[in-house]
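Chemist: sequence and predicted structure, then a few things I'm wondering about:
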Amino acid sequence: MTATIVYTIISLSLLGAVAAIVLYIVAQRFRVYEDPRIDLVEAELPAANCGGCGYAGCRNLAETLVKSENFEGLFCPVGGNETMARIGAILGREADTQETRIAVLRCNGSCENSPRTSNFDGAHTCAIVSALYSGETGCQYGCHGFGDCVAVCSFDALHMDPDTGLPVVDEQKCTACGACVKTCPRNLFELRKKWKGDKKIYVSCMNEDKGGLARKNCSVACIGCNKCFKVCPHEAIVMRNNLAFIDSYKCKLCRKCAPECPTHAIIETGFPPRKIKADEKTVEDTIIN
Amino acid sequence: MLRTFHKGGIHPPDTKLSAHQPIRDLPLPGSVAVLLSQHMGAPARAVVNKGDAVKTGQLIARGEGFLSSHVHSPVSGTVAKIEEVHDVSGYRRQAVYIDVLGDDWEDSIIRDGTLDKNIRSDGEEILKKIVDAGIVGLGGATFPTHVKLSVPRGKEATCIIINGVECEPYLTADHALMLEKGEEIMVGIQLLKKALHVNKAYLGIENNKQDAVEHMQRLACGFEGIEVCELQVKYPQGGEKQLVQAIIGREVPSGGLPIDVGVVVFNVGTAFAVYEALQKNKPLIERIVTVTGRHLKQPSNFRTRIGTPVSVLIDAAGGIPENTGKIISGGPMMGKALSNTEVPVVKGTSGILILPEEESARQTSQPCIRCARCLSVCPMGLEPYLLMPLSQQNLFDRLEYEHIMDCIECGSCSYICPACRPLLDYIRLGKSNVGKIIRSRKK
C-alpha cells in the first residue's frame, strides 16, 4: 500500500520535472518578442473596440501605431486629440491634431414633413427595407426610421424620436466613430466639424430629385434652387445633382444661407435666436461670437 | 407514384380561384407606361421621341448588349413623354408614356387567330426573330430568351423542359393559357426545340390541373418528341432546378444553371410568345395576368397589354375590396407587395393578388425554437435557421461558405416557421451583400 503511494509520488514528480524542462525549452526557443509599448499604447486607447479608426479593435490600432513611422492616417476618433497626444508622448513622435467632429443626420423627413404612403410589414431594419423597396415615404433618399444606426451605436449617442420617426444624435455622447455613417443604407449621416457650443449649419436633405418632385414628397426637401449657393461668401456651398451641400470645413457660420432657403432645408442649431429682421450687423456679431 | 423533386418543399393551400375563368381581353387603358427595363440585364434605350406616333407592335426601345431585350409599343397612339415611373419596388425607372389612340397594329403582324403549324424557319432564323420580338422568360424572372437559347461553348443541350407547373397558389395564368392555346404552345415548343437542335421536350404540369394535363397529353400525340409529365403537387416545383430534378432526375450543381446538366427550361407563356413571334410576327406586347383574391368580386385571367396600370386591372375585376391588407404583384409566396397601384404591368407580371387584412398581416417574430422545420422544407438543402443570424451579424464569408447564393428565395422557410421568424428577409439581405462581394472579387 505504502509502496504504491511512494511510486506514484516519485513517477508523477519525475513526469512534472520532465514536462517543466520541455516547456521551459519550448518557451525559450519559440518566444515571440512583443514590443512592450503596444500594451502601453493600448492602455491609453478608449477600449471601445468600435472600429472607428478603421482597424479591428483598439489592440490592432495600438500595434499599427507602434509599428508605423508616423501617425499619418492613424487617429482614434473616440479618444481624440488628447489621447493621440499621450500616445505620441509614449512613442516619442509628434501627433497631428484633427478637428473634432460629430455625426449629423442629413434628413428632416419626419412623419409630418414627409408623410407615409405605404406600410412596411417585414423585418424592421433599414437594410432590409432598402433591399426590398423604396421605403414607406415617397422620398427615395430619406430616412427609413427603423433605427439601424441606433442599434449600431456603441456609445448610446443615438436614439429614435418617436414624434418625428427620425434618429437624434446626442452631441455630448457622440464620438464621431463613424459606425452610423457606415451602417445607414442611404448614407444620411455625415461627420461634420464640431463648432464651439454645438453650432451647426447644414442642408438636412439628400434628395437628388428635381425640385418639384422632391417637394411633392417632402415639404422640407432641398429643391436645388441655388439660392444658398449664390449668397454664400465663403464658397462653402457646392451644388450637385439638384442638391446643396455645405462643406463644414469651409463654412464660417455666417448664417447667410439659412434664411434664403425657401423650403427650410438648411438647419441651424446652437445659435442665439435671430432678430426678426436680420440686418448685416447681427450677422457680423455672430461671426465675432 | 407521380414524379416530384426530392428535397424539401411545402404544400400551401392552392386557392386557384380563377382556374376556370376564360381569358378575357382587358379593354385598352387611356395611357400606358412602358418600362425600359422589364428584363434581367441592361435597360433598353428608347428609340422614339416625345410626340412620335407609334403603332401597336412598333419597336420603341432597343436592347443594349447581349443580356438585354427589345421593348415594343403595346398600343397605338402618341408618345406623351419619356419619364420615370414607379416600378414594383417603388423606385422610379425610365418609361415611355404613350397616350392610346385607336388600335392600329403594325402591318406585318398577322392577327387572324388561326393556328399555323407549319414551321418555316431554321434555327438561326428562330433565334433572330426571338431577339427581334423582345421575348423574355414569362415565368417571372424575365431572363432574355435568346440568351438561354445561346448555349455556351463546351456545353450541350440534350432536351428542353417546359414549365407548366404554376406552383404558386392563386395564380392561373399558365393554366388558362394551356387550356385555351394548347396547340399554339405545342408549336412554340417545336420551335424552341429546333432553335436548340434537340429532339426531346418535356412539359411538366402539376396534377391539381387535371384538365390541363389531359388536354396537353391529348395534343402531344400530334407532335413529335413532346412528353407531358404529370407531377405531384409541391411548392416550389416551378423553380427550374426543382423542375429539372422532378422530370429527368438530374440535380443542377451548386452555383450552376440547368444547362450544366444539359437542359434548358422555358415557361409555357414563353413558348406561346415564341409561337406568336415566329408564326404571327407579333412581338411580346401582351401577356396573361391573373387578378385574384378571396374578397375580389370576379377573379379573372386577363390578356393585358404591357404598360397597363395595375389599377385598371383591379377595376376590371371588380375594384379593391374593403378590407384589403396588401396588393401583391405575383403570387403569395414570391410576389412583392405594391406600395402604389399605378405601377405598370411588365413582361414578368404573372398575377395581381389582393389579400385581405387578416391573411396578409405578419405575426410577431419569436425566438427560434430549433425545430429544424425550415431545414426540412428548404428545396435547396440549405439551413435557413443558421443563415438568418449569420446575415444579421454580417458574417459574409461564413454565409458564402454556407452556400447562401444557392437560395432561390422561394419563401418555404418563412412559410413553415412556427416562431414566425422573418427568415427570408434576412437571407435576401445576406444574399445581396454576398453577391456584391463576389462580383467585386471578379472585377
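Modeler: Thanks, I have the structure now. All values reported here derive from a predicted model rather than from experimental measurement. Numbering: from 1, shown residues only, chains lettered A, B, ... in the order given.
Chemist: can you tell me which residues in chain B are near chain A?
Modeler: Contacts of chain B with chain A, taken as CB under 8 Å from any CB of the partner chain, map to B:86, B:89-92, B:326, B:336-337, B:339-340, B:360-362, B:365, B:422, B:425-426, B:428-429, B:432. C-beta: built from backbone N, CA, C; applies to glycine.
Chemist: change it to 7 Å
Modeler: Residues of chain B lying close to chain A (CB under 7 Å from any CB of the partner chain) are B:89-92, B:339, B:362, B:422, B:425-426, B:428-429, B:432.
Chemist: mind giving me the ChimeraX command for buried ones among these?
Modeler: Here is the ChimeraX command that selects the buried residues among these (16 or more other CB atoms under 10 Å in any protein chain shown):
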select /B:89,90,339,422,425,426,428,429
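Chemist: the residues of chain B next to chain A in helices, which ones?
Modeler: Per DSSP state H, helices hold the following members of those: B:425-426, B:428-429, B:432.
Chemist: any chance of CSV for those residues, columns pLDDT?
Modeler: CSV is the format used below for those (pLDDT from 0 to 100):
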residue, pLDDT
B:425, 93
B:426, 94
B:428, 93
B:429, 93
B:432, 93
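Chemist: is residue B:57 in contact with residue B:283, as I believe?
Modeler: Yes. Residue B:57 is within contact range of residue B:283, at 5.5 Å (criterion: CB atoms under 7 Å).
Chemist: so what sits against both of the two?
Modeler: Taking CB atoms under 7 Å, 6 or more residues apart in numbering or on different chains as the contact rule, residue B:57 and residue B:283 both touch residue B:72.
Chemist: out of the ones in helices among the residues of chain B next to chain A, flag the one nearest to residue B:322.
Modeler: Using CB to CB, residue B:425 comes nearest to residue B:322 of those, at 28.7 Å.
Chemist: for that closest one, which non-adjacent residue is spatially closest?
Modeler: Spatial nearest neighbour of residue B:425, excluding adjacent residues (CB to CB, 6 or more residues apart in numbering or on different chains): residue A:123 at 4.1 Å.
Chemist: next one: residue B:33 from residue B:57, what distance?
Modeler: Residue B:33 sits 18 Å away from residue B:57, taking CB to CB, to the nearest Å as the criterion.
Chemist: comparing residue B:57 and residue B:283, which residue is more hemmed in?
Modeler: A count of neighbours by other CB atoms under 10 Å in any protein chain shown puts residue B:283 above the other of residue B:57 and residue B:283, at 27 against 24.
Chemist: list the contacts of that one.
Modeler: Residue B:283 sits next to B:57, B:72, B:133-134, B:277 when contact means CB under 7 Å, 6+ apart.
Chemist: what pLDDT does it get?
Modeler: Here the pLDDT value assigned to residue B:283 is 95.
Chemist: and it, that one's in a helix?
Modeler: No. Assigned with DSSP: H, G, I helix; E, B strand; the rest coil, residue B:283 falls outside any helix and is coil.
Chemist: what does it show for phi and psi?
Modeler: phi -70, psi 170 (degrees, to the nearest 10).
Chemist: all helices of the chain, in order?
Modeler: Let's take chain A. Shown for chain A, the helices assigned by DSSP H span residues A:2-29, A:36-44, A:58-67, A:80-91, A:126-132, A:148-152, A:179-183, A:211-217, A:227-231, A:280-288.
Chemist: hm, I was asking about chain B
Modeler: B:123-132, B:145-149, B:173-180, B:182-196, B:210-220, B:240-248, B:268-279, B:310-316, B:357-360, B:373-377, B:384-392, B:396-401, B:412-416, B:423-442.
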